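Undergrad: sequence plus predicted model, see below.
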Amino acid sequence: MASIQTGFAMPFNRSPHTERPLVLARPLSNYAGHILLADCGSRVCGGERLIPVTSLVPRWGSLTMQQVLDRLWCPSCQQRAAHVQLRRTAVDGRIGRADVCLILRGHGAGR
């Protein structure tokens, strides 16, 4: 089994609803070993896009995760990202469906 790189650990006594505001307030650079899965929600664009956080760090690394989410737009339809998940990656760079760390925006993110 591959080990996982993590920029944060969600303690067992914390729910995603309490962890989410903390992640949104931290700098993007804290999550360099992660990937954002973003979806504009449009049926025309083809669905989810994987964005390695390391590709965003040179430009937006000092911004908070919330500020970065506010800047994510679909390159095809120009709509704002409607659903965003923060995922961790395995050492070999692969991503599995079970590797969802936290839903940051969209259905299931809470309020």
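TA: Great, that's in hand. Here the structure is a predicted model, which means the values were calculated and not measured.

Undergrad: the strands in the protein, which residues?
TA: Secondary structure of the chain by DSSP state E: the strands cover 34-39, 49-52, 83-88, 100-105.

Undergrad: and the first one, what does it pack against?
TA: Yep, that's strand 34-39 we're talking about. Strand 34-39 sits against strand 49-52, helix 53-60, strand 83-88, with contacts defined as 3 or more Cβ pairs under 8 Å, 6 or more residues apart in numbering; DSSP states H and E. C-beta here means a position set from N, CA and C on the backbone, and glycine is covered the same way.

Undergrad: pick the most buried one from the strands of the chain.
TA: strand 34-39 (a mean of 22; mean count of other Cβ atoms under 10 Å).

Undergrad: residues contacting the residue nearest in space to the middle of the chain?
TA: Taking Cα atoms, centre = their mean as the criterion, L86 is the residue nearest the geometric centre of the chain, at 2.6 Å. Listed by Cβ atoms under 8 Å, 6 or more residues apart in numbering, the contact set of L86 reads V23, Y31, H34, I35, L36, M65, C101, L102, I103, L104.

Undergrad: the strands of the chain: which one's closest to W73?
TA: When the strands of the chain are compared by Cβ to Cβ, strand 34-39 sits nearest W73, at 9.2 Å.

Undergrad: list of residues touching the closest one?
TA: Residues outside strand 34-39 that contact it (Cβ under 8 Å, 6+ apart): 7, 47-53, 56, 72, 74, 81-89, 95, 101, 104, 106.

Undergrad: got the angle between it and strand 83-88?
TA: 160 degrees (axes from the mean of the first three to the mean of the last three Cα atoms, to 10 degrees).

Undergrad: now strand 34-39: average pLDDT?
TA: The pLDDT scores in strand 34-39 average 90.

Undergrad: quick one: strands adjacent to it?
TA: strand 49-52 (antiparallel), strand 83-88 (antiparallel) (DSSP bridges).

Undergrad: out of those strands, nearest to R43?
TA: Across these, R43 has its closest neighbour in strand 83-88 (13.3 Å, Cβ to Cβ).
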